[in-house]
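Participant: Below is the sequence, then the predicted model.
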Amino acid sequence: MAARPSAQKISSEQLAKHLQHGVQPLYIVYGDEPLLALEASSLIRDKARAEGYLERELFFAEPGFDWANLAYASSATSLFASRKLLELRINNGKPGKEGGEALQRFCKDLPPDTVTLIHIAELDWRGKKTAWFLALLEAGIGVEATVVHRTALAQWIAARLRAQQQEADSDTLAFIADRVEGNLMAAHQEVQKLALLLPPGKIPLSAVQEAVIDVARHEVLDLGGVLLEGDRLRMVRHIDGLRGEGAPTPLALWALTEQIRNLAKVLTALQAGRPVAGALREARIFAPLQQNLIQNNIRRITLAQTHAALRHAARIDQIIKGLQSGDVWDELLQLLERFARSPNTRNTPYNTNHIAQAFVQPHALF
């Protein structure tokens with residue numbers, strides 16, 4: 001077993017490199033992307049087996065689970081193997097008071113000749129602040145399986161293709177990403193299918209178009225990111241996907257309106273002379289992905305543009321309530337297209353020398 005590094009948390013994408021230096025006594029796999037979490041657990045399991053941890057005990061921390069079993073398993077000596085892999089799966093991310101205390105005790109005295117793998121599903125932000133979870137990270141290595149967002153999906157697909165000795169140009173990668181967006185398990189399966197259907201080397205777009213089916217899942221709450229990216233084709237695909245899935249139009253309008261309000265707040269603060277970091281903080285925008293999207297697109301958006309969009313949102317609200325006539329989905333697409341990039345517009349980080357368009361007092365903002 002290798003000497004334990006100082007870092008307590010790594011991403012699932014960093015795990016393979018980490019394991020080259022040897023397996024550690026305790027791993028905690030968690031995150032919002034089930035495929036990557038499953039793959040991470042499998043990598044740890046395989047590495048432990050390769051290093052001689054041949055016996056395996058598996059526990060599911062479900063309602064009624066006796067946490068004394070964990071303490072017993074960690075202290076029991078096997079007659080058949082000197083090294084053991086101990087797995088614990090907490091599928092709801094909530095071990096409860098008894099479980100939390102048991103995990104903290106476990107962390108204080110990790111069993112010898114044992115690799116412990118704890119897989120935690122559905123761990124929300126509150127769970128990440130609990131004493132038991134922090135104790136696990138202090139004692140072991142946290143492996144976080146984060147969602148692959150649309151902006152990184154093409155690169156993720158390219159890496160998976162390289163692993164199977166295939167490559168594709170940017171148009172082909174974008175085509176695949178459009179058809180598997182929001183469905184990473186399907187993306188994984190489609191990439192594997194290309195390995196079966198096509199030979200190693202560069203794969204042509206025409207062959208991929210015949211092989212890859214459209215399995216994209218479109219989430220209402222992703223609309224804010226779609227708006228910021230400004231890709232007109234993706235706007236159309238996303239709205240068509242939500243319409244086809246019967247998504248609730250009030251929720252779609254809310255998601256768009258929240259993002260537009262955030263943009264207005266940031267632009268107002270910038271116009272008042274605030275630095276970008278301060279403007280984002282005042283607008284209570286803390287997620288790194290959203291911060292990056294706003295900074296990369298803020299230069300092409302004006303304050304007047306956001307105010308006009310909010311007036312448009314107010315009209316869509318009237319249509320949803322039956323007080324005006326119109327096709328809600330068409331109007332939502334038109335609202336999105338107010339923020340579409342022109343073909344020659346690049347994503348450029350905000351320059352503090354850029355002065356937003358003169359402040360226009362909003363009228364009847366939604």
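Facilitator: In hand now; what should we look at?
Participant: pLDDT weak spots in the chain?
Facilitator: The chain contains residues with pLDDT under 70 at 1-7, 76-81, 214-215, 343-366.
Participant: Please parse it into its domains.
Facilitator: Annotated domains of the chain cover 9-145, 150-211, 222-337 [automatic domain parsing].
Participant: those helices in the stretch 151-300 of the chain, which residues are they?
Facilitator: Shown for the stretch 151-300 of the chain, the helices assigned by DSSP state H, counting those that start in this stretch span residues 170-180, 184-197, 205-211, 223-229, 232-245, 249-271, 276-282, 288-297.
Participant: Out of the ones you listed, indicate the one that is most buried.
Facilitator: Highest mean neighbour count among the helices of the stretch 151-300 of the chain (mean count of other C-beta atoms under 10 Å): helix 223-229, with a mean of 22. (C-beta placed from N, C-alpha, C; glycine too.)
Participant: and for that one, what are the contacting residues?
Facilitator: By C-beta atoms under 8 Å, 6 or more residues apart in numbering, the residues outside helix 223-229 that reach it are 149-151, 234-235, 238, 242, 252, 255-256, 258-260, 262, 289-290, 293-294, 297, 336, 339, 347.
Participant: Packing partners of the helix or strand where W329 lies?
Facilitator: In this structure, W329 sits in helix 328-337 according to DSSP states H and E. In terms of contacts (3 or more C-beta pairs under 8 Å, 6 or more residues apart in numbering; DSSP states H and E), helix 328-337 is packed against helix 223-229, helix 232-245, helix 249-271, helix 303-320.
Participant: For L197, find the nearest of those helices.
Facilitator: Nearest to L197 among the helices and strands packed on helix 328-337 is helix 232-245; the distance by C-beta to C-beta comes to 24.3 Å.
Participant: What is the distance between that closest one and the centre of its chain?
Facilitator: On the basis of C-alpha atoms, centre = their mean, to the nearest Å, helix 232-245 is displaced by 20 Å from the centre of the chain it belongs to.
Participant: give the contact list for the nearest residue to T257 once chain neighbours are set aside.
Facilitator: Distance criterion C-beta to C-beta, 6 or more residues apart in numbering; nearest residue to T257, sequence neighbours excluded, is A313 at 4.8 Å. Residues in contact with A313 (C-beta under 8 Å, 6+ apart) are L253, L256, T257, I260, L335, F366.
Participant: State the distance from the residue nearest the centre of the chain to G64.
Facilitator: Centroid check for the chain by C-alpha atoms, centre = their mean gives V147 as the closest residue, at 2.1 Å. Between V147 and G64 the computed distance is 32 Å (C-beta to C-beta, to the nearest Å).
Participant: what's the answer for S206, then?
Facilitator: 56 Å.
Participant: hmm, back to that, tell me the one of the contacts of A313 nearest I285?
Facilitator: Comparing the contacts of A313 against I285 with C-beta to C-beta places I260 closest, at 13.0 Å.
Participant: helix/strand/coil for E57?
Facilitator: Secondary structure, DSSP: H, G, I helix; E, B strand; the rest coil: E57 is strand.
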